[in-house]
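Visitor: Predicted model follows, preceded by the sequence.
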Amino acid sequence: GAEVIARVRTHLRLKRAYERLAELQAERVQKLASAQRSLMPRPEEFPDAHFQVSIHQVLAAGGDFYDVIPAGQGVFDYLVADASGHDLAASLWTASLKALAAEYAGPLNLPLEIVRAINSSLCSLLPSGAFFTLIYARLNHQTGRLSVVNAGHPPAIVIHVGGNEAIILRQEGDVVGAFSDAVFGVTELTLQRGDRIFLCTDGLIEVGDDYEDGLQRLAGLCLSQRSLPLQELVPAVVDDVMAGIRAEDDTLFVGVER
């Protein structure tokens, strides 16, 4: 009898220890998640940037990341990135990316120069096999001038205010953090008042079997919902894409209106 009781006590002690470990791990993840969320600005912090965002992470903290950086009078830089891997390590690298973007971004550097500088630094920071896909857009809200740099990332989608088609800005580009001699695609265009640009991570595209179908579907939804104000359109599009689907990847969707 005494032996059984001792064994039960040991089991209970072990169970409590495991439960406490699980609690501590959950607390750590929550702290990491809230620290990560604080790195990403909310639309109300930069009303002149005219953006809306929807982000959902499968783990409380994830590898999807965005930033909005003032780059002069009426000029803003919009960065969307996706770290390789879906573990908590991926979420830690986003802090490095935020720090690098803050260091290099600004009116003195062109978006291409900024992405090259970020790549150069990440190549020496990231462990082997880790990298980001990234899209970097600078919009002058006064002139409508838009510059988009793509580093292995899903393309931006442009919807013109009076247009009846979605424009997918297809660009070639290497990922950042993997190759010191990486090459990035650059596209320049002019937006009219009311035109919109949408940036996303691949979690919103790779929900079906086919990447191209997923991309066309997302572009079609941006177009068909264009009568909605941006703050309604962004969550509505994400809801439509993810309807009935259990998310296996992080999703991030940013809309910007000139």
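Guide: Received, thanks. Residues are numbered from 1 along each chain as shown.
Visitor: quick one: the helices in the stretch 151-258 of the chain?
Guide: 211-224, 230-242 (DSSP state H, counting those that start in this stretch).
Visitor: Need these in TSV (columns: mean pLDDT and distance to R13).
Guide: Yep, even glycine has a C-beta here, placed from its N, CA and C like the rest. Converted to TSV, those look like this (pLDDT from 0 to 100; distance: least, C-beta to C-beta, whole Å):
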stretch	mean pLDDT	distance to R13
helix 211-224	94	50
helix 230-242	94	43
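Visitor: Redo those as JSON lines? Include mean neighbour count and distance to G74.
Guide: Below are those laid out as JSON lines (neighbours: other C-beta atoms under 10 Å; distance: least, C-beta to C-beta, whole Å):
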{"stretch": "helix 211-224", "mean neighbour count": "17", "distance to G74": "24"}
{"stretch": "helix 230-242", "mean neighbour count": "17", "distance to G74": "18"}
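Visitor: With distance to L204 added, can I get the ones you listed in CSV?
Guide: Formatted as CSV, those follow (distance: least, C-beta to C-beta, whole Å):
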stretch, distance to L204
helix 211-224, 6
helix 230-242, 5
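Visitor: I'd like to know which of those is closest to A99.
Guide: Proximity to A99 (C-beta to C-beta) singles out helix 230-242 among the helices of the stretch 151-258 of the chain, at 26.7 Å.
Visitor: For that closest one, name the packing helices and strands.
Guide: strand 51-56, helix 211-224, strand 251-257 (3 or more C-beta pairs under 8 Å, 6 or more residues apart in numbering; DSSP states H and E).
Visitor: So for F65, which of those sits nearest?
Guide: Smallest distance to F65 across those (C-beta to C-beta): 7.6 Å, for strand 251-257.
Visitor: Only the C-alpha atoms, please, for the closest one, written as CSV.
Guide: Output in CSV follows, covering the C-alpha atoms of strand 251-257 (Å, rounded to 0.1, in the frame of the first residue of the first chain):
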residue,chain,number,x,y,z
THR,A,251,-1.5,35.7,-42.5
LEU,A,252,-0.7,39.4,-43.0
PHE,A,253,-2.6,41.8,-45.2
VAL,A,254,-1.8,45.5,-45.5
GLY,A,255,-3.9,48.0,-47.6
VAL,A,256,-2.7,51.5,-48.4
GLU,A,257,-4.7,54.2,-50.0
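Visitor: what sits up against that strand?
Guide: Strand 251-257 has contacts (C-beta atoms under 8 Å, 6 or more residues apart in numbering) with 49-56, 64-66, 76, 78, 80, 82, 137, 139, 194-201, 203-204, 222, 230, 233-234, 237-238, 241-242.
Visitor: Of those residues, select the buried ones using a PyMOL command.
Guide: Selection command for PyMOL covering only the buried members of the contacts of strand 251-257, criterion 16 or more other C-beta atoms under 10 Å:
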select buried, resi 49+50+51+52+53+54+55+56+64+65+66+76+78+80+82+137+139+195+196+197+198+199+200+201+203+204+222+230+233+234+237+238+241+242
